[in-house]
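Trainee: no sequence on this one, just coordinates:
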Ligand code: PAF
């Protein structure tokens, strides 16, 4: 596996593959790799002849009070993981390479970026949209792979690719979970043993809410309130639990056809956890509130 740190070396590494007409898949990450990232690499390998991964802890997507300084950066272990997963090119730019002096352009996806996590992490999705746009333009892959665990991020990226006419297919990959249901996340490393025991309650409550809504699509308000109460009772400090249209993220009052998603963000001690699950749709029309 070749490791490059500048966008010109990245282009040089990609050039022969592009000349040969080989399909290229991109897996952008912030490192601290786990099986969730490996599912992205596996999906890319399944569809593309060549796979490129990026590792960049993007300062622009962290608010001043967040964990940029302490975010785990196990570079050597990450590179070994990528290499053994069959990645052939790893791009690890520095912050100066991505944001040279006088960098002043931001990509902002209106609407989709504003509620849910966007309401609690101001500027976060502008930082994500900006770095992902740059990574996509620098590498111009055929396909790029993102996890459904960051569901709002996935929709923001799909929208920016469509709006900016980037000729790249965005592929969403289902969340990988621990056997007890906890969604894999680099931030799970922050959990104490006691918090780790509580953490799977998040996915359990989301699944219960989704199952109740599949049986009773009109019960959005009741299930939202029940979900919130159960999360609080389990010991989470809840940022939000919402039931939203799975494509537009618009609030839904009752779900009759439209695919919906139950999404939540919580704090457990100093760790912020997010998760989301689909609600299977049923046969009539959803009325959006
Ligand atoms: O999901 C992530 O790891 C990051 O938000 C991403 C997409 C790599 C952009 O920094």
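Mentor: Here it is on my side, so go on. For clarity, every value in this text was computed on a predicted model and none was experimentally measured.

Trainee: Give the buried residues for stretch 150-163.
Mentor: 150-161 (16 or more other CB atoms under 10 Å). For the C-beta atoms, the positions are set from N, CA and C on the backbone; glycine is no exception.

Trainee: Give me the contacts around it.
Mentor: Stretch 150-163 is contacted from outside by 107, 109, 112-113, 116-118, 125, 128-129, 132-133, 136, 144, 146-148, 166, 168, 170, 172, 247, 249, 261, 263, 274, 276, using CB atoms under 8 Å, 6 or more residues apart in numbering.

Trainee: Now do the helices in the stretch 51-200 of the chain.
Mentor: Ranges of helices within the stretch 51-200 of the chain are 75-84, 95-98, 117-120, 124-139, 151-163, 193-198, based on DSSP state H, counting those that start in this stretch.

Trainee: Just the closest residue of the stretch 51-200 of the chain to the ligand, please.
Mentor: residue 58 (4.1 Å; CB to the nearest ligand atom).

Trainee: now that residue, nearest residue through space, not along the chain?
Mentor: Computed as CB to CB, 6 or more residues apart in numbering, the closest residue to residue 58 that is not its neighbour in sequence is residue 131, at 4.4 Å.

Trainee: what about the one you found, distance to residue 189?
Mentor: Residue 131 is 22 Å from residue 189, where distance means CB to CB, to the nearest Å.

Trainee: With residue 37 instead?
Mentor: Taken as CB to CB, the span from residue 37 to residue 189 is 14 Å.

Trainee: more neighbours, the two?
Mentor: Higher neighbour count among residue 37 and residue 189: residue 37, with 27 against 12, using other CB atoms under 10 Å.

Trainee: Was I right to think the more buried one contacts residue 28?
Mentor: No: using CB atoms under 8 Å as the test, residue 37 is too far from residue 28 to be in contact (9.9 Å).

Trainee: if we can go back for a sec, weed out the non-buried ones from the contacts of stretch 150-163.
Mentor: Using 16+ other CB under 10 Å, the buried members of these are 107, 109, 112-113, 116-118, 125, 128-129, 132-133, 136, 144, 146-148, 166, 168, 170, 172, 249, 261, 263, 274, 276.

Trainee: What parts of this protein come near the ligand?
Mentor: Residues of the chain lying near the ligand by CB under 6 Å from any ligand atom: 28-30, 58, 61, 128, 131-132, 150, 153.

Trainee: the strands in the protein, which residues?
Mentor: With DSSP state E as the criterion, the chain has strands at 2-4, 24-29, 50-55, 89-91, 143-147, 169-173, 237-245, 252-254, 260-268, 271-279, 287-288.

Trainee: What is the end-to-end distance of stretch 194-205?
Mentor: 18 Å (CA to CA, to the nearest Å).

Trainee: Quick one: mean pLDDT for that stretch?
Mentor: Stretch 194-205 carries an average pLDDT of 98.

Trainee: Pull the distance from that stretch to the chain's centre.
Mentor: Centroid displacement of stretch 194-205 relative to its chain, using CA atoms, centre = their mean, to the nearest Å, is 20 Å.
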